[in-house]
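[1] All I have is the shape, not the residue letters:
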DNA sequence: GCAATATCTGCGGGTTCCCGCAAGACTTGA
DNA sequence: TCAAGTCTTGCGGGAACCCGCAGATATTGC
């Protein structure tokens, strides 16, 4: 039973290595990769079935790496180990988990005990383990804001990419007006109309404001936009 | 000679602690703080003059913490220790360094030797030490893109906040048309007109597209937007 | 089956954005 | 000092955005 660790930070990597060996004394080799790309390659060549994956990495982030790994071998067990519980990451992971796959999501701020427990649960017991804080985000409702539906989230991503209403309508096979309707819902939910300062109307361009708000609420983040950009190029570049 | 370490990741914190003790055997206490807010408080109460500061933190990021510390005691020596060399961070730091202050900027990916050297240079020799990779960004020109002027960067931030042209004109004491001129420059430099896919015209809303491009080029990042948002509220909320 | 609710769609118009054109204001250098 | 360049400002217009209104079309619950 080999384990692959994909993590770009050297300190965290050695820490993980030790934690894995301690939590899974019965395990065989522990392989390390320092970015998503190398992680994919390692997973392919060494055929590991157990992966600990960081999310935020330079060459290729954890979500993309996990997607290709799962595409090749959907029964791979992956434990995500991330700094943040951004809604964008949580959604990103949820979006790529294959039917019936086992995975876990633990925050780096968690205790070493929790990490070891998660390692055993996911890799040995084939149980899904989602950190409580992360779970809270998954089941919508984030802080005081009501949480977006999938439709709203998708249009948010398209707007954040910089697409026009017309382009979105085309991509989503909707009429122009429907796109604008969804946008209005989005503006409502994100609270884009709330103004800092009092007599300020017309201060905001709602579409860019929505992106700004989504970013600071962590509903979106840069890597989610980059992922969407790649998808866009793929579907447009045919 | 005491040293304050402000860093939210526990592993990195202990690593830094050891590195500081090893590099500066003559130093006294080594104090730790786990976020920017506590860092500010510690700097105030324990009156340290040497700080090692992470940039990306939850409660208050390193740039803001450094700003308040320097505001209170401009002769404090600060070594920034960051994961990334995003243009947004580099600009953010450069923007708050007081006249004549000594500081350093080292990447976490640097070797332990480089870190220790930087610690001695900044804290003992009062020399500014900027990582080579970071320096490359500071002196404009980023990859293939030409690098933005301050005027262009500022308008980019305002746009990313979601402000309308009119609002920006007011804030910056410019005419509407001038704002739009600067925007056009910005669009030009960011290469916003380049289209993925061939026959695609009118696919992009230039203003949101500019934000998307800036984010993926790391010219902007979420924390820069949040900082700008706070500044906005302050100046608008009077 | 039949309301009740939600979503999609078209129309119309007020606002904002994007930008070409051109005239003034400012810096820079020989 | 004058010329060349850069930055600012106004005007005008086509396109895109934001959105109220209202009818058409699902979807849901009873």
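    Nice, I can see it. Given the structure is predicted, the values throughout are model-derived calculations rather than measurements.

[2] How many residues are close by residue A:119?
    Around residue A:119 there are 25 other residues, counting by other CB atoms under 10 Å in any protein chain shown. Every C-beta, even on glycine, is put in place using the N, C-alpha and C of the backbone.

[3] and what of residue A:227?
    19.

[4] so it touches residue A:64, yeah?
    Yes: with contact defined as CB atoms under 8 Å, residue A:227 counts as touching residue A:64 (6.8 Å).

[5] Could you break chain A into its assigned domains?
    A:3-138, A:150-236 (automatic domain parsing).

[6] Give me the pLDDT for the residue positioned nearest the centre of chain A.
    Residue closest to the average C-alpha location in chain A (CA atoms, centre = their mean): residue A:89, at 2.4 Å. Predicted confidence (pLDDT) for residue A:89: 92.

[7] ditto for residue A:142
    pLDDT, residue A:142: 42.

[8] One more: the one 4 residues further on?
    Each residue has a pLDDT score; the one for residue A:146 is 60.

[9] Tell me if stretch A:27-40 is near chain B.
    No: Stretch A:27-40 lies out of reach of chain B by CB under 8 Å from any CB of the partner chain, never closer than 9.9 Å.

[10] Centre of the chain to that stretch, how far?
    Put simply, stretch A:27-40 sits 20 Å off its chain's centre (CA atoms, centre = their mean, to the nearest Å).

[11] Over it, what's the mean pLDDT, rounded is fine.
    94.

[12] List the buried residues of that stretch.
    Buried residues in stretch A:27-40, counted by 16 or more other CB atoms under 10 Å in any protein chain shown: A:27, A:30-40.

[13] And the furthest pair within those residues?
    Spatial extent of these (CB to CB) is set by the pair A:27 and A:37 at 24.3 Å.

[14] And the contacts of the helix or strand encompassing residue A:214?
    Secondary structure from DSSP states H and E places residue A:214 in helix A:206-216. Residues outside helix A:206-216 that contact it (CB atoms under 8 Å, 6 or more residues apart in numbering or on different chains) are A:156, A:159-160, A:183, A:186-187, A:190-193, A:220-221, B:159-162, B:205, B:207-208, B:211, B:222, B:225-226, B:229.

[15] That helix near DNA strand D at all?
    Yes: judged by CB under 7 Å from any atom of the strand, helix A:206-216 comes into contact with DNA strand D at A:206-207.

[16] Could you pull up the mean pLDDT of that helix?
    Mean pLDDT, helix A:206-216: 96.

[17] quick one: the helix or strand following that helix to chain centroid distance?
    Going down the chain from helix A:206-216, the next helix or strand is helix A:222-236, by DSSP H and E. With CA atoms, centre = their mean as the basis, helix A:222-236 stands 14 Å off its chain's centre.

[18] next one: stretch A:67-87
    9 Å.

[19] end-to-end on it?
    Using CA to CA, to the nearest Å, the end-to-end distance of stretch A:67-87 comes to 18 Å.

[20] May I see the buried residues of it?
    Buried residues in stretch A:67-87, defined by neighbour count with 16+ other CB under 10 Å: A:67-70, A:76-87.

[21] How about stretch A:1-8?
    A:3-8.

[22] outside of it, which residues touch it?
    Under CB under 8 Å, 6+ apart, the answer for stretch A:1-8 is A:13, A:16-17, A:20, A:24, A:26-36, A:38-39, A:42-43, A:46, A:48-54, A:57-58, A:62, A:65, A:81, A:123.

[23] again, but for stretch A:32-43
    For stretch A:32-43, contacts defined as CB under 8 Å, 6+ apart pick out A:4-8, A:10, A:13, A:17, A:31, A:48, A:51, A:53, A:57-62, A:64-65, A:68-69, A:72-73, A:76.

[24] rerun that using 6 Å as the cut-off
    A:4-6, A:8, A:13, A:31, A:57-61, A:64-65, A:68-69 (CB atoms under 6 Å, 6 or more residues apart in numbering or on different chains).

[25] can you tell me which two in those are farthest apart?
    Longest span within those, CB to CB: A:13 and A:68, 20.6 Å.

[26] quick one on the thing from earlier: among the contacts of stretch A:1-8, which are located in strands?
    A:30-33, A:50-53, A:81 (DSSP state E).

[27] would you list those residues in JSON lines and tack on distance to DNA strand C?
    Output for the ones in strands among the contacts of stretch A:1-8, formatted as JSON lines (distance: CB to the nearest atom of the strand, whole Å):
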{"residue": "A:30", "distance to DNA strand C": "48"}
{"residue": "A:31", "distance to DNA strand C": "46"}
{"residue": "A:32", "distance to DNA strand C": "46"}
{"residue": "A:33", "distance to DNA strand C": "41"}
{"residue": "A:50", "distance to DNA strand C": "41"}
{"residue": "A:51", "distance to DNA strand C": "37"}
{"residue": "A:52", "distance to DNA strand C": "39"}
{"residue": "A:53", "distance to DNA strand C": "34"}
{"residue": "A:81", "distance to DNA strand C": "36"}
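
[28] And the furthest pair within those?
    Farthest-apart pair in the ones in strands among the contacts of stretch A:1-8 is A:31 and A:81; separation 15.6 Å (CB to CB).

[29] Could you tell me how far the worst-scoring helix or strand of chain A on mean pLDDT lies from the centre of the chain?
    The weakest-scoring helix or strand in chain A, judged by mean pLDDT, DSSP states H and E, is helix A:132-138 (a mean of 78). Relative to the chain's own centre, helix A:132-138 is displaced by 13 Å; criterion: CA atoms, centre = their mean.

[30] Then stretch A:21-36?
    On CA atoms, centre = their mean, the centre of stretch A:21-36 falls 23 Å from the chain's centre.

[31] Can you get me the start-to-end distance on it?
    22 Å.

[32] likewise stretch A:40-55?
    Terminal residues of stretch A:40-55 are spaced 13 Å apart (CA to CA).

[33] Contact distance from DNA strand D - what residues of chain A qualify?
    A:164-166, A:177, A:180, A:183-184, A:187, A:193, A:205-207.

[34] Out of the residues you listed, which two are the most distant from each other?
    Farthest pair in those, by CB to CB: A:166 and A:193, 24.1 Å.

[35] where's residue A:66 relative to residue B:147, distance?
    35 Å (CB to CB, to the nearest Å).

[36] which of those two has more neighbours?
    residue A:66 (27 against 16).

[37] Quickly note the distance from the more buried one to residue B:20.
    Per CB to CB, residue A:66 is found 36 Å from residue B:20.

[38] quick one on the thing from earlier: list just the one of the domains of chain A that sits closest to residue B:113.
    That would be, of those and by CB to CB, domain A:3-138, which comes in at 13.7 Å.

[39] Off-centre distance for the closest one?
    Computed by CA atoms, centre = their mean, the separation of domain A:3-138 from the middle of its chain amounts to 12 Å.
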